[in-house]
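Engineer: Here is a sequence together with a model predicted from it:
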Amino acid sequence: MHVLRSVILNLVVAILPLVAPVAQAASGAEVPTDENAYCTKGNVPHFGEKDGPAELPKTCYYTGLDATPSPGRQVKVAAGEDVSAALDHARCGDTLLLAAGATFSVSEFPRKKCDDQHYITIRTGTPDSKLPAEGSRISPAWAGTGSLPGRPAYAQPTGGPAKLMATLEDTSPSGVTFGDHYRFIGIEWAPSGEKKIARLLNTSGADHVIFDRNWIHGFDGQELQTGVRINDGSTYLAVIHSYLNGIECIAKTGACTDAAAIGGGNGDQPVQTIKIVDNFVESSGQNIFFGGAAATIHPQDLEIRRNHLFKPMCWNPNSPDHKEPTPIAKNLFELKNADRLLFEANYLENSWPGFTQNGPAIVLTPAHNLNRRLEKVTCPDCSVTNITIRYVWVRKANQVFFIGNHLDMGQPPPANHYSIHDVVAEGIGYSECGKGCNAALNMISSGHGNVSAESVLHDVAVNHLTFASMQQPRAYLSLGGPPANGPDSPQMYNISWTNTVADAGAYGAWPKGGGPEKNCASMKRSSPKMRLEACWKNAVFKGNVLAGANSIRGHSGIWPDGNYYAGDLQAIGFVKLNGGLDGDYRLAPASKFKGKATDGKDPGADVDAVVKATAGVR
């Protein structure tokens with residue numbers, strides 16, 4: 001049944017008018033929630049071929065326990081024993097049962113050259129009956145920690161918090177390393193207090209490794225740059241049903257700047273078939289981040305589904321709950337290098353401006369030159385291509401999408417074939433966000449100068465999004481791109497932006513920066529329509545409901561034809577706006593915009609589908 005649903009989800013498309021060939025996956029399909037919804041035993045993928053212009057992942061990792069057998073010996077490792085010695089003697093198919101509540105030091109899980117029928121399982125000695133069931137997320141309560149300051153309440157064992165996990169303490173500053181065919185169940189991973197640990201887990205060269213129901217963490221106020229570093233030769237790697245927190249770089253006094261709970265995709269060896277499903281993921285910089293360092297490859301076939309990406313408000317200097325030290329905050333999800341990635345049914349919560357970014361939720365910005373001080377290309381193949389973002393909920397951010405491929409060592413890196421649909425974003429510009437929280441809801445731009453047509457941003461389909469703001473944004477779109485004054489400055493092309501619902505902001509579509517010689521959206525073009533026409537070629541901007549647009553000198557001729565207007569968000573006719581937070585953002589039966597989308601549906605996200613897809617994620 002789940003296979004059939006996924007096939008239907010990806011075969012049903014709605015052809016958008018006036019732009020070809022940008023098709024969009026239809027809303028209304030039931031979004032699967034199972035861990036292996038798009039992958040059956042034998043690692044057979046069922047994502048479908050495409051979602052609109054974006055290719056979907058072509059490989060997958062089936063992570064059911066029935067596909068990772070350990071039929072060999074069961075070896076108990078008691079408290080105080082040497083787990084490294086037990087690993088040295090372990091054979092393919094063995095299970096190491098680590099004493100619950102005990103702490104073991106470790107730096108390496110060696111390569112054993114096992115096969116898919118003989119995984120080595122490393123697990124707590126606690127029986128399955130006292131752990132969350134397979135397919136259920138674990139929490140720190142299974143390690144005896146009933147709550148964490150500033151974090152949401154989480155699941156508890158029967159009888160309350162108890163030390164039911166075994167702890168593996170990282171003793172290597174560059175992270176614990178891994179070989180092949182390991183599954184970890186009920187393990188707490190923590191940095192050693194005796195050394196400064198930059199990375200907790202380092203999967204470079206690892207293949208067929210699953211972190212299942214693990215607690216992976218640092219400690220509040222102490223720097224830990226990366227929780228799980230997925231680099232150089234990581235293939236068939238999964239982080240599922242786990243809890244990651246305390247990964248942070250500290251402002252002013254710290255040694256690192258970009259913390260990521262899960263990230264990587266760099267190096268010279270393929271990074272492919274990565275699965276990140278049903279986790280609580282917390283980090284100060286980017287919660288999930290691929291790219292950002294030297295590479296000759298780009299990571300491919302990434303499945304990121306049903307994760308709660310969260311930053312605690314005690315890290316936010318604008319919040320009354322703030323406590324020092326202040327970590328360096330950036331965004332919730334960022335790509336600088338990735339291909340064929342599905343980002344589905346995730347719940348993103350809390351982002352604010354400061355440091356080098358203005359508080360976006362999602363950032364898609366490929367980069368060729370990742371260390372400009374070297375003045376050379378360090379990632380020649382870096383690109384962000386074939387990205388599908390669908391059925392996502394965003395809560396409390398300053399900006400929703402930051403999309404751009406900016407000039408980098410002479411040419412913008414490739415950025416193309418994005419499908420973004422059915423996203424609900426609420427609490428935009430929330431009060432604790434700070435003074436800078438009136439940015440454009442979305443930024444979309446491309447590098448200018450002597451660039452090729454292939455280098456500019458192209459083939460982007462955005463459809464059925466709902467934005468609920470708590471204060472008027474500066475603009476709906478911040479635009480930037482080649483000035484479109486000749487063959488050396490091609491326009492972004494095949495851009496489709498349809499059926500969204502939002503406050504259009506004080507300025508509608510606003511130039512990102514630069515004068516007429518640098519930016520297609522320069523101030524010499526006096527309306528959003530003129531700026532869109534100058535920046536986008538073979539494009540459609542239609543079926544959008546723009547609130548507050550009448551205040552922009554009257555909407556007639558200001559926006560492209562085929563859009564709708566309301567005096568404010570309340571006038572759109574939601575079931576319950578509730579000030580733009582914790583509302584019901586379906587259109588009420590009396591709304592005059594019912595059925596007005598270009599596909600005959602309601603404008604805005606399929607809220608019911610998004611709610612069902614993200615049920616139980618937060």
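Structural biologist: Arrived safely, thanks for sending. Numbers count the residues shown, from 1 in each chain.

Engineer: Would you mind checking the average pLDDT for stretch 243-259?
Structural biologist: For stretch 243-259, mean pLDDT is 93.

Engineer: Output that stretch as PDB, nothing but the C-alphas.
Structural biologist: The C-alpha trace of stretch 243-259 is given here as PDB (Å, rounded to 0.1, in the frame of the first residue of the first chain):
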ATOM      1  CA  TYR A 243      17.700  12.800  19.400                       C
ATOM      2  CA  LEU A 244      20.500  15.200  18.700                       C
ATOM      3  CA  ASN A 245      21.100  18.300  20.800                       C
ATOM      4  CA  GLY A 246      23.800  20.600  22.300                       C
ATOM      5  CA  ILE A 247      25.800  21.000  19.000                       C
ATOM      6  CA  GLU A 248      26.800  24.700  19.200                       C
ATOM      7  CA  CYS A 249      29.500  27.200  18.400                       C
ATOM      8  CA  ILE A 250      29.800  30.100  20.900                       C
ATOM      9  CA  ALA A 251      29.800  33.700  19.900                       C
ATOM     10  CA  LYS A 252      32.700  36.000  21.000                       C
ATOM     11  CA  THR A 253      34.600  33.500  23.000                       C
ATOM     12  CA  GLY A 254      34.400  30.300  20.800                       C
ATOM     13  CA  ALA A 255      36.800  28.700  18.400                       C
ATOM     14  CA  CYS A 256      34.200  27.500  15.800                       C
ATOM     15  CA  THR A 257      31.600  29.400  13.800                       C
ATOM     16  CA  ASP A 258      29.300  26.900  11.900                       C
ATOM     17  CA  ALA A 259      27.800  24.200  14.100                       C
END
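
Engineer: Okay, buried residues for it please.
Structural biologist: Using 16 or more other CB atoms under 10 Å as the test for burial, stretch 243-259 gives 243-251, 254, 256, 258-259. Backbone N, C-alpha and C define where each C-beta goes, glycine included.

Engineer: What is the nearest of the residues you listed to residue 339?
Structural biologist: For these, the minimum distance to residue 339 (CB to CB) is 21.5 Å, reached by residue 258.

Engineer: List just the nearest of the buried residues of stretch 243-259 to residue 49.
Structural biologist: Nearest member of those to residue 49, counting by CB to CB, is residue 244, at 32.1 Å.

Engineer: The closest one touches residue 217, doesn't it?
Structural biologist: Yes: between residue 244 and residue 217 there is a contact at 6.6 Å, judged by CB atoms under 8 Å.

Engineer: okay, and the common contacts of these two?
Structural biologist: Common neighbours of residue 244 and residue 217, using CB atoms under 8 Å, 6 or more residues apart in numbering, are residue 227.

Engineer: returning to what we had before: export the buried residues of stretch 243-259 as JSON lines, with columns for secondary structure.
Structural biologist: Compiled in JSON lines, these are given as follows (DSSP: H, G, I helix; E, B strand; the rest coil):
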{"residue": "243", "secondary structure": "strand"}
{"residue": "244", "secondary structure": "strand"}
{"residue": "245", "secondary structure": "strand"}
{"residue": "246", "secondary structure": "strand"}
{"residue": "247", "secondary structure": "strand"}
{"residue": "248", "secondary structure": "coil"}
{"residue": "249", "secondary structure": "coil"}
{"residue": "250", "secondary structure": "strand"}
{"residue": "251", "secondary structure": "coil"}
{"residue": "254", "secondary structure": "coil"}
{"residue": "256", "secondary structure": "coil"}
{"residue": "258", "secondary structure": "coil"}
{"residue": "259", "secondary structure": "coil"}
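
Engineer: so which two of the residues you listed are the farthest from each other?
Structural biologist: Longest span within those, CB to CB: 243 and 251, 24.8 Å.

Engineer: CA atoms only: put stretch 182-200 into PDB for me.
Structural biologist: The C-alpha coordinates for stretch 182-200 follow below in PDB (Å, rounded to 0.1, in the frame of the first residue of the first chain):
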ATOM      1  CA  TYR A 182      27.200  -1.600  11.900                       C
ATOM      2  CA  ARG A 183      23.800  -0.900  13.600                       C
ATOM      3  CA  PHE A 184      23.700   1.100  16.900                       C
ATOM      4  CA  ILE A 185      20.600   0.700  19.100                       C
ATOM      5  CA  GLY A 186      19.900   2.500  22.300                       C
ATOM      6  CA  ILE A 187      23.300   4.200  22.500                       C
ATOM      7  CA  GLU A 188      24.100   7.600  24.000                       C
ATOM      8  CA  TRP A 189      27.000   9.400  22.300                       C
ATOM      9  CA  ALA A 190      28.800  12.200  24.200                       C
ATOM     10  CA  PRO A 191      32.200  14.000  23.900                       C
ATOM     11  CA  SER A 192      34.900  13.200  26.400                       C
ATOM     12  CA  GLY A 193      35.300  15.900  29.100                       C
ATOM     13  CA  GLU A 194      39.100  15.500  29.000                       C
ATOM     14  CA  LYS A 195      39.600  16.700  25.400                       C
ATOM     15  CA  LYS A 196      38.200  19.400  23.100                       C
ATOM     16  CA  ILE A 197      36.000  17.500  20.600                       C
ATOM     17  CA  ALA A 198      35.200  19.100  17.300                       C
ATOM     18  CA  ARG A 199      33.200  16.300  15.800                       C
ATOM     19  CA  LEU A 200      31.400  13.600  17.700                       C
END
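
Engineer: Over it, what's the mean pLDDT, rounded is fine.
Structural biologist: Mean predicted confidence for stretch 182-200 is 92.

Engineer: next one: stretch 217-234
Structural biologist: Average pLDDT, stretch 217-234: 96.

Engineer: now the end-to-end length of it.
Structural biologist: 21 Å (CA to CA, to the nearest Å).

Engineer: can you list the domains in the protein?
Structural biologist: Using automatic domain parsing, the domain parsing of the chain gives 1-57+332-368+384-618, 68-301+312-329.

Engineer: For the stretch 301-450 of the chain, give me the ranges with low pLDDT.
Structural biologist: For the stretch 301-450 of the chain, the stretches with pLDDT under 70 are 371-375, 407-410, 448-450.

Engineer: I'm done for today, thanks for sticking with me.
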